[in-house]
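In: dropping a prediction and its sequence here:
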Amino acid sequence: MRLVSIMFVLAACGGHPEHIAKDQDQPAPATKSLYERLGGTPGITAVVEEFVTTTGKDPRIEQFFVNADIPRLKKLMVEQICQNTGGPCHYTGKTMKESHATMHVKGVDFRGAAEIVESVIGKDPNWKPEPKTETYAEQLRKVARHAKRSRYLESRGLEMAPGLQFAEGVEYRDGDRVLGHYAAMLAPVMRGGAFLTYHVTYLQDGHKAAVPTPRKILPGPSNRGASVALYPPAETMGVAEGIETAIAAKMIHGMPVWAALNTSLLKSWQPPAVAKCVHIFADNDSHFAGHAAAFELAHRLVLAGLVVHVRIPGEPDTDWNDCLLAGRAAA
C-alpha cells in the first residue's frame with residue numbers, strides 16, 4: 001500500500017475544509033454517519049477513482065505511482081475510507097507506517113495531495129455546507145451595548161468596568177422553557193481574544209432578578225482557561241473569581257483585574273501575553289476553595305516565569321467587594 005498523503009487526507013476528509021469545520025461544530029444525527037453522507041461505497045469509489053487518476057498525472061506526486069498496483073491501491077483506499085467513516089468495510093492493507101517507511105513523503109507531497117482531494121470532492125454538485133446555528137450568546141452580541149452607569153453595580157459600591165455590556169429582554173431559561181425576559185449584565189467570556197459565550201447576571205429594578213439562578217454562563221464552547229477581560233491588560237494586573245470582587249479589587253489596589261468567574265476557571269486561567277506580574281485576588285472561603293484555586297494557579301504561573309502574589313481578605317467568608325464596602329462604611 002502506498003501514498004500516505006493520499007490515504008490520510010481522504011480518510012480524514014468528508015468535503016471541503018469548511019465542510020469539516022461544520023461537521024465538528026454541528027455533528028450529524030447519530031442515524032446518519034459520515035459514510036452515508038459521502039454516498040456510501042459508490043460515492044467513495046467515485047472519489048477514489050478520480051483522485052487516483054488525477055494524482056497519477058500530477059508532476060508533484062506522480063513519482064509515487066511508478067511501481068504501484070493501481071487496482072489494488074484503489075481497492076485499499078476505498079476500504080480504509082469506508083471503514084474510517086463508519087461504513088461496513090474492513091481495511092486489509094498494511095499500517096500507514098509500514099506502507100510508507102521507505103517512500104520519503106514530504107510536506108510538499110502532502111500539500112499537493114490535499115489540493116487534489118479538495119478539487120475532486122469540490123466537483124460534487126450535491127455538496128452544500130451545513131448551516132451553523134448561532135448560539136443564544138452569539139445572538140445577544142448583536143444587541144449588547146456598553147453603558148456608562150449601572151444601578152446594580154452602584155448598589156454594590158462598584159464602578160463601571162469597560163469590558164461589561166448590557167441588554168434588555170434577555171431570556172431566562174430553565175432547560176427548554178423560557179421563564180421570563182429580563183434586563184441583564186453581560187460579561188463576555190473570552191480566551192485568546194476570541195469570544196466564547198456570555199456570563200449573564202439577570203437584573204430587575206437595579207438588583208439581581210428573583211429567579212432560581214440569577215447568574216449563568218450561557219452554553220457555548222469549552223471555556224477552560226477563559227475569563228472576562230473587565231479592563232485592558234497590563235504588565236502588572238490581577239485576576240479574581242467573580243465579576244464584582246474583581247472590580248472591587250481593581251478599585252482598592254489600582255490595577256486592572258480580570259474575572260475568572262469560578263474556582264474551576266481560576267485554576268485554568270491563562271494570563272494575557274503582556275502580563276509579567278499577576279496578583280491573584282482570592283475569596284476567603286471558610287471551606288478554603290478560594291485559597292486552593294488561587295495557590296494552584298499561582299504555582300502554575302510561577303513555573304511559567306511570572307511574578308505572582310496571592311492576596312486574600314483578612315476576614316473569613318468575605319471577598320474583595322466586602323472589603324470595599326467595609327472600607328467605605330468605616331470612612
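Out: Looks like it arrived, so ask away.
In: helices of the stretch 151-300 of the chain, start to end?
Out: Applying DSSP state H, counting those that start in this stretch to the stretch 151-300 of the chain gives helices spanning 151-155, 243-253, 263-267, 289-303.
In: in the last one, what's buried?
Out: Within helix 289-303, the residues that count as buried by 16 or more other Cβ atoms under 10 Å are 289-291, 293-295, 297-298, 301. For every residue, glycine as well, the C-beta is placed using N, CA and C.
In: want to throw the helices of the stretch 151-300 of the chain into CSV with mean pLDDT and distance to Leu164?
Out: Shown next, in CSV, are the helices of the stretch 151-300 of the chain (pLDDT from 0 to 100; distance: least, Cβ to Cβ, whole Å):
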stretch, mean pLDDT, distance to Leu164
helix 151-155, 96, 8
helix 243-253, 97, 8
helix 263-267, 94, 17
helix 289-303, 96, 22
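In: show me the protein divided up by domain.
Out: For the chain, automatic domain parsing gives the domain ranges 4-121, 139-223, 225-331.
In: could you pull out the strands for the stretch 101-250 of the chain?
Out: Here the stretch 101-250 of the chain has its strands, by DSSP state E, counting those that start in this stretch, at 165-174, 177-191, 194-204, 207-208, 215-217, 236-240.
In: tell me which of those sits most buried.
Out: Mean neighbours per residue, mean count of other Cβ atoms under 10 Å, is largest over the strands of the stretch 101-250 of the chain for strand 236-240, with a mean of 24.
In: that strand: how far from the chain's middle?
Out: With Cα atoms, centre = their mean, to the nearest Å as the basis, strand 236-240 stands 23 Å off its chain's centre.
In: contacts for that strand next, please.
Out: When contacts are defined by Cβ atoms under 8 Å, 6 or more residues apart in numbering, strand 236-240 is touched by residues 227, 231, 246, 249-250, 253, 255-260, 266, 269, 271-272, 275-283, 297, 311, 319-320.
In: change it to 7 Å
Out: For strand 236-240, contacts defined as Cβ atoms under 7 Å, 6 or more residues apart in numbering pick out 227, 246, 249, 253, 255-260, 266, 269, 275, 277-281, 320.
In: so which of those sit within strands?
Out: If you go by DSSP state E, the contacts of strand 236-240 have 257-259, 277-281 in strands.
In: which ones are touching the closest residue to Arg215 other than its chain neighbours?
Out: The shortest distance from Arg215 to any non-neighbouring residue, by Cβ to Cβ, 6 or more residues apart in numbering, is to Thr201 (5.2 Å). By Cβ under 7 Å, 6+ apart, Thr201 lies in contact with 184-185, 208, 214-215.
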